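Build me a model from this:
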Amino acid sequence: MTKLLYLHKCTLLVFFLIIAANTLAQRTDFLIHEHSKKNNLSNELVKSTCQDSIGIHYFATDGGVYSLVNDNFNLYQLPEGKSRYFKKLLKLSSGKLLAISDDAIYNIDPSLESNNIELIIECNSDLSAPRYPKHAFEDSKKRIWITDFNHIYRLNNGTLEKYSMSSRNLTSSYARSFQFLECDNGKLIVVSQKGWFYNYDSKTNSFVESNYQLGLLVHSSFKIGPNEFLLGTSNGIEKIIFDFKGQVVHTEIISKDILASCFEKIDENRVLAGTWFQGLVEVELNEEHKFYHVGGFPYYTINDIFQDDYGKYWVSTNTGVIVMEKKFFSSQFLKPNAEYVASMVRTPCGGLLCAGRSHLFKIVKENQIENIDISFEGSLNVFKQYGEYTLIGTEQGQLLLYLKNELLKSIQIGSQSITHIEFESLGTVWVVSDKELFKVNLEDGTKKSYIEDFDKYKIAQSLCMTKKGTLYIGGEYKHSYLFRYDRESDKCVNINQKIPANGLNDIWVRDLESIEDTIFIASSVGLYKYYDSKVELVDLGEYSNNEISAIEIDQYNSIWITTSKGVIRKRKEDISLFNSDQGLPSKTFTIGNLLIDDNGFLWVGTSNGLAYARIKNSIPRTPKPIVHIAKEESQFIKPNRFLEVNTGSMLLLDVTATIYPQKQNKFQYCIVKGSKKITDWKELSNKNQVIVSDMPPGDYKVCIRCKHEGNYAWSEHRIIPLRVNQVWYLRWYTLLSALIVILLIVYFSSEYSKQRAQKYMIELEKQVSERTVQLQDANQNLLMANKAKDRFLSIIGHDLRNPFNAIRGFSNMLLHDAEMLSEKEKIELTEMIYKSSDDTFKLLESLLEWANVQKGNLKLNREEFNLAEVMQSNLELHRNLASLKDVRVEGNFKDLQVNADKAMIDTIIRNLLSNAIKYSYANQTILLRATQKEDYAVVQVKDEGIGMTENQVNQLFKIDTVLTSEGTSNETGTGFGLLLSKEFVEMNGGQIRVSSVKGKGTSFYFSIPLKKA
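Numbering: from 1, shown residues only. Coordinates of the predicted model:
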């Protein structure tokens, strides 16, 4: 292990020595931002990064899939038991994302409101599904290909088609297997990790082995041309070119020293290569194939590089995600970077020369500078060229004239430095030295001072010669800041106009630039333009009053200026700031040193060297901001959504963007009423929130825009329609309603006093009527009670008295006439006494139970029990009793669990069976049956006895018409058993009914609630 570690370190050392040897060449300068545990990315081992169709970024990690919204990482919830080891994210042409884990393939639908992930393919389950899938690819025909450790699969509408590959392709990598290479004509080639090439034949739907085999391990691939690809192999980076048939026609080793894990394009001639242990490398695709380590990149192991919709690079590493953006300015020179840039001039052929204090340089191309072999004494402060002539002004006040490299003449202008030079012709030049303006004749070395034209004040600062040959002189103070040279009078004329700002005294001009008939004035208090004999301030937003050192206007009419904040660009209404984060070597800019060459490059002179940037017509637009209702992050405000609030209430909106880093986003908002023009933009707070409060009622538009730092224009406006409603008690219809209510109250108050007596009389009549009805009801209840009392007394006086008289009579006979009676007669009398006493006891028991029910003393005792057990016990008891009359009692029932008072149900069945026996003849049958109907058990007691008429049936269960009838064996009865049974059935939540035919028998039915499931 120690030896392997030593070899690894040696390899890194060799690699970085090679990189150091290449640092003489120009390389891309990146601005780097890190996403790791420091900013809430809980799992730092990131395998892949992707961006969906609405701009959200996603990360495949060893801990699951995360989305990034407003600098918050949101973890997607997976089905229980599924692996969180994700290897690949792929954006499909449909707009969906494909996510591949160790044991499944998922779909992710772009959404700002939810983070749902859909499992579409289970892996490792059978031979037809991928085992530990590795990679995904969508070709130009929208076919989706999946690879596992040894095979290729085609995904089509949720189903998989398997292409079995040879076992020699078995990968030795955890995350890599096959790479897909698609030519411009749609020809598809795959190469396995073991280096075997295959061509896809659409006619046979199979992969055919290629004639070319690499024989190296292949870890990555990248398309750089129509049929040109880079391969990251175990032997370095290889370039491979195919013909239109997919056959290899050219191979070339780009570098043997870089073991590339992934690629991404920088421009037509450069790519980024991520490596397994060598960090991030920039590779030139020219003949030299130079490569350089990306400066400042903090990690060695790189798994993936993804370029998002805004041109930023997201680099997935084992320790987080790095976001990289190409800096707008480049400044990677050697000697020029070490010098203070004193002066810059545009050559007649459109090139550029620049000078430090002691050297002159020629810009050959944007990344190459050559020394100009001119030697001079003193310190250079400014220089100009006129054809082959070079004129140098020094800090010691000397004016040096050269023809090519030969010094022709030295003219002493003054004792102080020369700050500005303008050629009028080859023989005449204008010079500013120690704030004094001179015209110098280069042929004889004479000079003329124009200090008299400046009221003998030394206030000359800068010069500008227009294309028409007019000389303008920038000066100092608000009454003498601009002059024009009049050739006819040979005088400098003060052409000042009042500066459109109050209280300005100390103003001096740093630089002048002419565009047709307009003179732009870069001053200590802002940028002004002079035209048609008037002057006005150029609106630079928050930078309007900053000191400006230099000005230049490009071919797209954009204004470029240098300030202490950085370089500022104004194109129409858009204002952008470029500072040191965007590649400037310093924010100290030398005066007047801002030029644009004929190749479209902007050059900036600073105290720490030279910087340049390519100027383009199009400026990337920042994406529209995203708006959420505060504290409800899931409540994304969709386009054209209408919001409503009441006056006095507050609406708080959170604002973010899909371009990162968030700290580089600046947001502004404006609230306008109706169709008013949007003008008053306000900066958002540090929390990027819009607060809407104390708004008068009406319809408004909340307009929000975003600008990303650097070379980005303002976004389109996110417009949210807003209606502010008046509080309900101040709305016009509420006030009108209140007035109407008051009038109605007055009206009805007067009407009420008139109708009060009448209403009172009606109320009295109503009360009398209600009392009458109550009395009638009470009388009816009293009548029923009297009838019940009468019936009760009748039973006590008759039905109880007669049996007791019989018992007394029979007992008296046994007591006094026993000697006269035979044994048989004694037995008969005893049986008659027993029967009468038993019937009387049963009647008395029924009366007492009924009385308890009426008084409410009998409490319901519900329980769950098996109805069949109660029916069976009654069946056995009454079979014995019925046998005395030769009557059969049969049962037909099953187990039914009911919820009722068991004792009451037993009494009901006993009474009904006793009645059935009483009114049955010998050799007849009584049936006891139970069935289930919905949520009830229905019990039937059926006999074949004497039956009842319809009138008798109607009189059943009534206290005032209880009928006494005799049984088939002269048994007596009062009907109280049925009355009591009815009370018991209803107390248990059931119903009882009867059907009977005279002479054919009677059936009683009652229902009981079943036990609840």
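
For the stretch 801-950 of the chain, just list every one of the strands.
Along the stretch 801-950 of the chain, the segments classed as strands by DSSP state E, counting those that start in this stretch run 862-866, 888-892, 897-901, 925-933, 936-942.

Show me what the fourth one packs onto, helices and strands only.
Just to be clear, that refers to strand 925-933. helix 867-883, strand 888-892, helix 902-918, strand 936-942 (3 or more C-beta pairs under 8 Å, 6 or more residues apart in numbering; DSSP states H and E). For every residue, glycine as well, the C-beta is placed using N, CA and C.

now the second one
For strand 888-892, the contact count by 3+ C-beta pairs under 8 Å, 6+ apart identifies helix 867-883, strand 925-933 as packing neighbours.

Extract the CA atoms of it and return them as CSV.
Taking Å, rounded to 0.1, in the frame of the first residue of the first chain, the C-alpha atoms of strand 888-892 are listed here in CSV:
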residue,chain,number,x,y,z
ARG,A,888,-94.2,-30.8,18.0
VAL,A,889,-91.7,-27.9,18.4
GLU,A,890,-89.0,-27.7,15.7
GLY,A,891,-86.1,-25.4,15.2
ASN,A,892,-84.3,-24.0,12.1
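
angle of it against strand 925-933?
20 degrees (axes from the mean of the first three to the mean of the last three C-alpha atoms, to 10 degrees).

can you check the first one too?
Following the same axes, to 10 degrees, one obtains 110 degrees for the angle between strand 862-866 and strand 925-933.

going forward, begin numbering at 42 instead of 1
Noted, 42 is the first residue going forward, which turns the last one into strand 903-907.

partner strands of strand 903-907, parallel or antiparallel?
strand 938-942 (antiparallel) (DSSP bridges).

Show residues contacting the partner strand.
901-908, 946, 978, 1025, 1028-1031, 1049-1053 (C-beta atoms under 8 Å, 6 or more residues apart in numbering).

do stretch 480-491 as well
432, 440, 442, 450, 452, 454, 465, 467-472, 477-479, 532-533.

mind running it again at 10 Å?
By C-beta atoms under 10 Å, 6 or more residues apart in numbering, the surrounding residues in contact with stretch 480-491 are 427, 430, 432, 440, 442, 449-455, 462, 464-472, 474, 477-479, 501, 512, 514, 524, 526, 531-533.

next one: stretch 790-800
Contacts for stretch 790-800 (C-beta under 10 Å, 6+ apart): 786, 789, 803.

Check stretch 162-173 too.
Against stretch 162-173 from outside (C-beta under 10 Å, 6+ apart): 120, 123-124, 126, 128, 139, 141-148, 174, 187-194, 196, 199-203, 205, 212, 215-216, 218.

and residue 555, that's in a helix?
No. Residue state for residue 555 (DSSP: H, G, I helix; E, B strand; the rest coil) corresponds to strand; a helix is not indicated.

List the contacts of it.
When contacts are taken as C-beta under 10 Å, 6+ apart, residue 555 is in contact with 505, 506, 507, 508, 509, 511, 513, 561, 571, 594.

Would you tell me which of the helices and strands packed on strand 966-974 gets closest to residue 290?
The closest of the helices and strands packed on strand 966-974 to residue 290 is strand 977-983. By C-beta to C-beta, the value is 89.8 Å.

just to revisit the earlier point, could I get the strands of the stretch 842-991 of the chain as CSV with distance to residue 387?
Below are the strands of the stretch 842-991 of the chain laid out as CSV (distance: least, C-beta to C-beta, whole Å):
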stretch, distance to residue 387
strand 903-907, 105
strand 929-933, 118
strand 938-942, 104
strand 966-974, 106
strand 977-983, 106
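
Mind checking those for the one nearest to residue 916?
Per C-beta to C-beta, nearest to residue 916 of the strands of the stretch 842-991 of the chain: strand 929-933, 4.5 Å.

in that closest one, what's buried?
930, 932 (16 or more other C-beta atoms under 10 Å).

which of the contacts of residue 555 lies closest to residue 105?
residue 594 (52.5 Å).

I'd guessed the closest one sits against residue 563; true?
No. The criterion here is C-beta atoms under 10 Å, and residue 594 misses it with residue 563 at 11.3 Å.

more neighbours, the two?
Applying other C-beta atoms under 10 Å to residue 594 and residue 563 shows that residue 563 carries more neighbours, namely 28 against 17.

What is the neighbour count of residue 225?
Neighbours of residue 225 (other C-beta under 10 Å): 13.

quick one, what contacts the residue nearest to the spatial centre of the chain?
Nearest residue to the geometric centre of the chain (C-alpha atoms, centre = their mean): residue 153, 2.8 Å. Contacts of residue 153 were listed using C-beta under 10 Å, 6+ apart, and they are 95-97, 108, 110, 667-669, 674-679, 697, 699.

could you pull out the helices for the chain?
43-63, 773-835, 842-857, 864-896, 908-924, 943-959, 991-996, 1017-1028 (DSSP state H).

averaging pLDDT over each of those, which comes out lowest?
The weakest mean pLDDT among the helices of the chain belongs to helix 43-63, with a mean of 40.

and residue 680, how far is that from residue 608?
35 Å (C-beta to C-beta, to the nearest Å).

Which one's more surrounded, those two?
residue 608 (26 against 8).

Now for the chain: which strand has the highest residue count?
Ranked by number of residues, the top strand in the chain under DSSP state E is strand 739-749.

could I get that one in CSV with only the CA atoms?
C-alpha atoms of strand 739-749 as CSV (Å, rounded to 0.1, in the frame of the first residue of the first chain):
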residue,chain,number,x,y,z
GLY,A,739,-56.8,49.1,-7.0
ASP,A,740,-55.2,46.8,-9.6
TYR,A,741,-51.4,46.7,-9.7
LYS,A,742,-48.5,44.8,-11.3
VAL,A,743,-45.6,43.6,-9.2
CYS,A,744,-42.7,43.6,-11.7
ILE,A,745,-39.5,41.7,-10.7
ARG,A,746,-36.3,41.4,-12.6
CYS,A,747,-32.9,39.8,-12.1
LYS,A,748,-29.3,40.5,-13.2
HIS,A,749,-26.5,38.1,-12.8
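
Give the other helices and strands that it contacts.
strand 615-619, strand 667-670, strand 684-687, strand 691-697, strand 706-714, strand 730-734, strand 759-766 (3 or more C-beta pairs under 10 Å, 6 or more residues apart in numbering; DSSP states H and E).

any chance of the ones you listed in CSV, with mean neighbour count too?
Output for these, formatted as CSV (neighbours: other C-beta atoms under 10 Å):
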stretch, mean neighbour count
strand 615-619, 20
strand 667-670, 20
strand 684-687, 14
strand 691-697, 18
strand 706-714, 19
strand 730-734, 17
strand 759-766, 18
